[in-house]
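**Student:** structure of the sequence below:
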Amino acid sequence: MKTNQLAQVALLLWVVTVAVLVWYLMRNRTAEDTDGRAAITLHPAERQVVLSEMHGLLVAAQGIMSGASRGDKMHIMAAAHAGGMASMSQADPALMAKLPLEYKALNMNVHHEMDEIAKAAGDGRPTAELLQMASDTMAKCVACHAEWRLRTSK
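**Tutor:** Residues are numbered from 1 along each chain as shown. Coordinates of the predicted model:
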């Protein structure tokens, strides 16, 4: 009988732990800013990490366009790959937990699409198609910047 009770307590503790973790990861950490966008509040160093990631995506997008202007699919492939999911390998789980779920989903989608552009370039897809893929991906960047803003905590 005691083993059964111990198992029930363990199960209850596990359920509570999972519920707290889900709440922590899913809760809204934004507030409406003066310009109507949702403000994500981060520590200055965390904000810099996110801005550096955005800069990397901007560099990748410019590299795609540069390669497309010269018809250089290897350059497109390399630039897109640099903005792909591999660039997320050093993501800080604590920082990721602070970001809104919708923001994370859009961010991961952009990185995934960069990998798709790299694969399409490697497969020899037409430059116009690669540019359309990049344009569709950049539309997500525009949508993100229209929805959210980063601010620092004191």
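
**Student:** okay, strands next: where are they in the protein?
**Tutor:** 30-32, 38-42, 148-152 (DSSP state E).

**Student:** okay, the angle between the biggest helix by length in the chain and strand 148-152?
**Tutor:** Across the chain, the longest stretch assigned as helix under DSSP state H is helix 44-70. Angle, helix 44-70 to strand 148-152, by axes from the mean of the first three to the mean of the last three CA atoms, to 10 degrees: 140 degrees.

**Student:** what mean pLDDT does helix 44-70 get?
**Tutor:** The average pLDDT within helix 44-70 is 96.

**Student:** same deal with stretch 124-143?
**Tutor:** Across stretch 124-143, the per-residue pLDDT values average to 97.

**Student:** can you list contacts of it?
**Tutor:** Contacts to stretch 124-143, defined as CB atoms under 8 Å, 6 or more residues apart in numbering, come from residues 54, 57, 61, 64-65, 68, 71, 73, 76, 80, 106, 109-110, 113-114, 116-117, 120-121. All C-beta spots, glycine's among them, are computed from the backbone N, C-alpha and C.

**Student:** that stretch: which residues count as buried?
**Tutor:** 125, 127, 130, 131, 133, 134, 137, 138, 141 (16 or more other CB atoms under 10 Å).

**Student:** same check on stretch 55-71?
**Tutor:** Those buried within stretch 55-71 under the rule 16+ other CB under 10 Å are 57, 60, 61, 63, 64, 65, 67, 68.

**Student:** same question, stretch 37-45
**Tutor:** 38, 39, 40, 41, 42.

**Student:** distance between the ends of that stretch?
**Tutor:** End-to-end distance for stretch 37-45, by CA to CA, to the nearest Å: 22 Å.

**Student:** quick check: the residue minimising distance to the centre of the chain vs residue 57, distance?
**Tutor:** Nearest to the geometric centre of the chain sits residue 107, at 2.4 Å (CA atoms, centre = their mean). Using CB to CB, to the nearest Å, one obtains 9 Å as the distance from residue 107 to residue 57.

**Student:** so where do the helices sit in this protein?
**Tutor:** 2-26, 44-70, 73-82, 93-98, 101-122, 127-147.

**Student:** right, I'll leave it there.
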